[in-house]
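Undergrad: Show me how the following folds:
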Amino acid sequence: MKIFWKYSSLMIFILCLMTLLPLNRVQAQTERGIEKTYNYALAEQTLYSQQTITIPVTIPQRAQINQMSLQLNFQTSPTLLPERAFYTVAINGEPLTSGRLNIGKTTTVKLEIPVAKLKQDNVITISGFLKSTELVCEPTDEINWAVLTSDSALTYKLVMQPEIAQWLQQVTAPSGEVALVVPKEMTAFNYEQLVNITSVIEQRQRKLGQDVDFKIVEAGKAKQSQPVVVIGTLEQIQEQFPTVFANQKDQHQRFAENGGIHYQLIGEQWYLFLSSETPEQLKLLIETLAFSDVTEQIQQSSYHLQPLAPRAMEPMALQGSFADYGYETQKVQGIGEQTLNYYVTSPLRQEVKQAAFTFAVRSSELVSQADSFVEIRVNNRTLRTVYLEPNVDEQLITVELPEDLAAQGQWAIQLRFQLTVASSNCETSPHNQAWAEVSASESTYDLTTQPRTNYFVGIAAGVLQNETGQAAGMIQVEPESVHLEDFVQFVTTLTGAANGVAYLQVETTITEASETGLIIGQPTTAALQTYTQNTFFPLTTDGKIVNQTEFVQVATDLGQIQFVQEQPLVIVSAQTPAEMQNIIQAYRRETLPQQAASLLFENDRVVQQAEADINTTGAEKFEALQWEAILPIILTSLIGIVISGYLIVKRMKQNKGNN
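TA: Model (predicted):
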């Protein structure tokens, strides 16, 4: 028995050491940064002769790939003919290798992917020529399959590069999180830096179809997976990061005089420092960050702000092309379902009565006209499904929005393509050559509007928007009434729907000011009492404003959002920061397209409380995910210990019996 406990204790000790080790990642220091090795297990998928397995691989633009390899393991149908069972692996449409599958045995394919063939957005495709008979085109694929098993893996090594332009192309982590380091003592100007810079980041990422989750962290406390943005004046930045420009007097001088952007590796974390000293410098900084044609010219890790050529900002157009929104022609390629995403907004102080979008689509001649189609969804609602016409130069597909959808004023549009190769092409199996594309310059939008007379929850963003569609206006906030992270999340929810950032002003006291667009504070604040006579209206979710005769102001422990139509003005009030968090989270759950919860108003009261899990922090979710990954290893190891102990005890009893 002593032997059993001896071996069991040793196994438990080894297990504890294993749980402390990082999983699936190895890193080493290089001159340019940290080299990391990633090993990703591929999900099990079934390959049919008429389909293609697609593995998207996106490389951050600020990353340099040093090596990429692929291991694929296949199990096949026993009915396949050995002389008619082949696979092909391609990267970005260019074949890498082909071979014959072993029938009844595991086929293992190991290959190095040439780094020179990689770009930012890559697609690895695996296609098969799988036949069980000599027929040219078999009527069914149910018996013609090969399974890509879950022990297949993609491995690559990369080094993060410090160029500012590359960093800005993919500013969020895969989780959508961005860590923010702010000055320890926030001034009104720091609040302006915060709302303007985060609004720019929010808008850049929304154009890419990505959501952003801003997290306020202390210096040096960000997770490894989080990009870190540091905001403040140069003096405030150096207070928390003394090594920035410590031995670079010239750079220090230029940044002190002009403000700028600096990218630096400190320890094992990359930091983007955004420095400005005055509102004028901050305006120049947000213009620099907002326009990709400016940031693409920045090829160094330190850039002090320089005057930009004037840009004429016209009132937001009601008709135009998707190219006007910054989109380029987009293409889907390969068999199966693939999606293109667009995001379009209207002048939010105008009420949209009619909205129509026309998409100019071209598709490959290989596409099956009988089985290939595109589904158009707007704000998660399917409006049209149209079969593709591969033999025309351009297929114009128009979708007109119903009145309630048009009135929302901002639209997340999805084009879901389902591509199938025509049966006449199945023998040559040109799956990766089937494609469809949408022209940005030929695809158009057409809006009919009138001056807005009613506001509802999703349209409150219009209070922080000027006639050109840019985020602008005055924000008044009582810092003690709201957590800084909640404040950022609420403002960016409003400004994310705008088309650019002009300048957002912030005051850290609440006064009666006609130019104010947003007020966040406590309901007992004296200045808020001036809005209780005939102008203070609660919002409703059905597009209506409660009439003054129906309005009774009631303090609620859930917080409240109310609207002053004459200015217009949005007021968010709550007794405590915890109550303020509740109403802000509830608002975001109502307005963000991916959130399904409903925010209900009865007169001025929010009657639905945010769900309990909304306060779960990113760190807690990350830790939960880590334990989800580690738990199977722990359970498997414990089972192994028990079995080993049983066998040892059994052997000891046998030896004792023999003696």
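Undergrad: For the stretch 251-400 of the chain, just list every one of the strands.
TA: Using DSSP state E, counting those that start in this stretch, the strands assigned to the stretch 251-400 of the chain run over residues 260-266, 269-275, 302-304, 319-321, 330-333, 336-345, 350-363, 373-378, 381-387, 395-400.
Undergrad: As JSON lines, those strands with distance to Leu148 and mean pLDDT would be great.
TA: C-beta here means a position set from N, CA and C on the backbone, and glycine is covered the same way. Below are the strands of the stretch 251-400 of the chain laid out as JSON lines (distance: least, C-beta to C-beta, whole Å; pLDDT from 0 to 100):
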{"stretch": "strand 260-266", "distance to Leu148": "38", "mean pLDDT": "84"}
{"stretch": "strand 269-275", "distance to Leu148": "35", "mean pLDDT": "87"}
{"stretch": "strand 302-304", "distance to Leu148": "45", "mean pLDDT": "84"}
{"stretch": "strand 319-321", "distance to Leu148": "40", "mean pLDDT": "90"}
{"stretch": "strand 330-333", "distance to Leu148": "19", "mean pLDDT": "87"}
{"stretch": "strand 336-345", "distance to Leu148": "14", "mean pLDDT": "84"}
{"stretch": "strand 350-363", "distance to Leu148": "27", "mean pLDDT": "92"}
{"stretch": "strand 373-378", "distance to Leu148": "26", "mean pLDDT": "94"}
{"stretch": "strand 381-387", "distance to Leu148": "30", "mean pLDDT": "93"}
{"stretch": "strand 395-400", "distance to Leu148": "34", "mean pLDDT": "96"}
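Undergrad: Just put these in CSV and tack on mean neighbour count and distance to Lys215.
TA: Below are these laid out as CSV (neighbours: other C-beta atoms under 10 Å; distance: least, C-beta to C-beta, whole Å):
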stretch, mean neighbour count, distance to Lys215
strand 260-266, 20, 18
strand 269-275, 22, 14
strand 302-304, 19, 25
strand 319-321, 14, 36
strand 330-333, 18, 31
strand 336-345, 17, 23
strand 350-363, 19, 34
strand 373-378, 20, 30
strand 381-387, 14, 32
strand 395-400, 15, 37
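Undergrad: Identify the residues contacting the closest residue to Val491 other than its chain neighbours.
TA: Excluding the flanking residues, the one nearest Val491 by C-beta to C-beta, 6 or more residues apart in numbering is Val195, at 4.9 Å. Applying C-beta atoms under 8 Å, 6 or more residues apart in numbering to Val195 gives the contacts 475, 488, 491-492, 495, 504, 506.
Undergrad: List the buried residues for stretch 219-231?
TA: In terms of neighbour count (16 or more other C-beta atoms under 10 Å), stretch 219-231 has its buried residues at 219, 222-223, 226-231.
Undergrad: Pull the most distant pair out of these.
TA: In terms of C-beta to C-beta, the buried residues of stretch 219-231 reach their longest pairwise distance at Lys223 and Ile231, which sit 18.5 Å apart.
Undergrad: where are the low-confidence patches of the stretch 401-550 of the chain?
TA: Across the stretch 401-550 of the chain, the ranges flagged by pLDDT under 70 are 422-433, 453-462, 497, 513-515, 531-550.
Undergrad: for the strands of the stretch 251-400 of the chain, which one sits closest to Glu44?
TA: Nearest of the strands of the stretch 251-400 of the chain (C-beta to C-beta): strand 336-345, 15.9 Å.
Undergrad: quick one, the closest one and strand 373-378 angle?
TA: If you take axes from the mean of the first three to the mean of the last three C-alpha atoms, to 10 degrees, strand 336-345 sits at 30 degrees to strand 373-378.
Undergrad: before we move on, the earlier item: among the buried residues of stretch 219-231, name the least confidently predicted one.
TA: The weakest per-residue confidence within the buried residues of stretch 219-231 falls on Gln226 (73).
Undergrad: dump the residue contacts of it.
TA: 173, 177-179, 215, 217 are the contacts of Gln226 under C-beta under 8 Å, 6+ apart.
Undergrad: Doesn't it belong to a strand?
TA: No. Checked against DSSP: H, G, I helix; E, B strand; the rest coil, Gln226 lies outside a strand; its state is coil.
Undergrad: Nearest residue to it in space, please, no chain neighbours.
TA: Once flanking residues are discounted, Gln226 sits nearest to Ala179: 4.2 Å by C-beta to C-beta, 6+ apart.
Undergrad: so which strand or helix has the one you found?
TA: Ala179 belongs to strand 177-181 when assigned by DSSP states H and E.
Undergrad: Direction included, what does that strand pair against?
TA: Take DSSP bridges as the rule and strand 177-181 pairs in its sheet with strand 213-216 (parallel), strand 228-232 (parallel).
Undergrad: which residues in the protein form helices?
TA: 2-19, 164-169, 188-207, 234-240, 249-258, 279-290, 292-295, 403-406, 484-495, 577-591, 618-658 (DSSP state H).
Undergrad: still on that earlier bit, looking at the strands paired with strand 177-181, spot the one closest to His252.
TA: His252 sits nearest to strand 228-232 of all these, at 14.7 Å, using C-beta to C-beta.
Undergrad: got the contact list for that closest one?
TA: Applying C-beta under 8 Å, 6+ apart, the contact partners of strand 228-232 are 171, 178-183, 190, 193-194, 197, 201, 217, 219, 222, 237, 240-241, 269-275.
Undergrad: rewinding a little: where among the helices of the chain is the average confidence lowest?
TA: Comparing the helices of the chain by mean pLDDT, the weakest confidence falls on helix 2-19, with a mean of 46.
Undergrad: one step back: just the buried residues of the contacts of Gln226.
TA: Of these, these count as buried by 16+ other C-beta under 10 Å: 173, 177-179, 215, 217.
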